[in-house]
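Peer 1: give me a model of this one.
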Amino acid sequence: MSIIKQKNRLERIDQILRQKNSGPSHEFASKIGISRTTLMDILDELRTIGFPIVYNHASKNYEYEYDGRLIFSFVYKNSSMDIAKF
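Peer 2: Next up is the predicted model:
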């Protein structure tokens with residue numbers, strides 16, 4: 001899979017998590033167009049690198065435990081240039 005497709009997939013996962021409308025894992029996976037196993041692998045990897053992803057049993061949704069979002073960007077070192085976001 002191309003890096004652009006991976007980025008788009010992660011941004012879609014991030015959007016669903018922020019909106020708190022994922023539904024259970026099989027519904028969440030369906031919304032993204034991937035298998036449940038692939039989704040769970042991605043969520044586990046994101047948790048490993050510090051994403052506060054939890055399952056809310058009351059609402060039956062995956063969501064962020066704290067407000068925040070995924071941002072892809074390049075930060076210029078030693079420069080006054082703005083951040084280039086992708």
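
Peer 1: Val54 bridge partners, please.
Peer 2: Glu63 (DSSP bridges).

Peer 1: any idea of the pLDDT on it?
Peer 2: Model confidence at Val54, given as pLDDT, is 98.

Peer 1: pretty sure it is touching Glu63, no?
Peer 2: Yes. Between Val54 and Glu63 there is a contact under C-beta atoms under 8 Å: 6.5 Å. For every residue, glycine as well, the C-beta is placed using N, CA and C.

Peer 1: neighbour count for those two, which is higher?
Peer 2: Counting neighbours by other C-beta atoms under 10 Å for Val54 and for Glu63 shows that Glu63 has the greater number, 18 against 14.

Peer 1: for the helix or strand where Leu46 lies, buried residues please.
Peer 2: Assigned by DSSP states H and E, Leu46 belongs to helix 36-48. Across helix 36-48, burial judged by 16 or more other C-beta atoms under 10 Å covers 39, 42-43, 46.

Peer 1: pLDDT and distance to Leu17 for those residues - can I get that in a markdown table?
Peer 2: Converted to a markdown table, the buried residues of helix 36-48 look like this (pLDDT from 0 to 100; distance: C-beta to C-beta, whole Å):
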| residue | pLDDT | distance to Leu17 |
| --- | --- | --- |
| Leu39 | 98 | 11 |
| Ile42 | 97 | 11 |
| Leu43 | 98 | 9 |
| Leu46 | 97 | 9 |
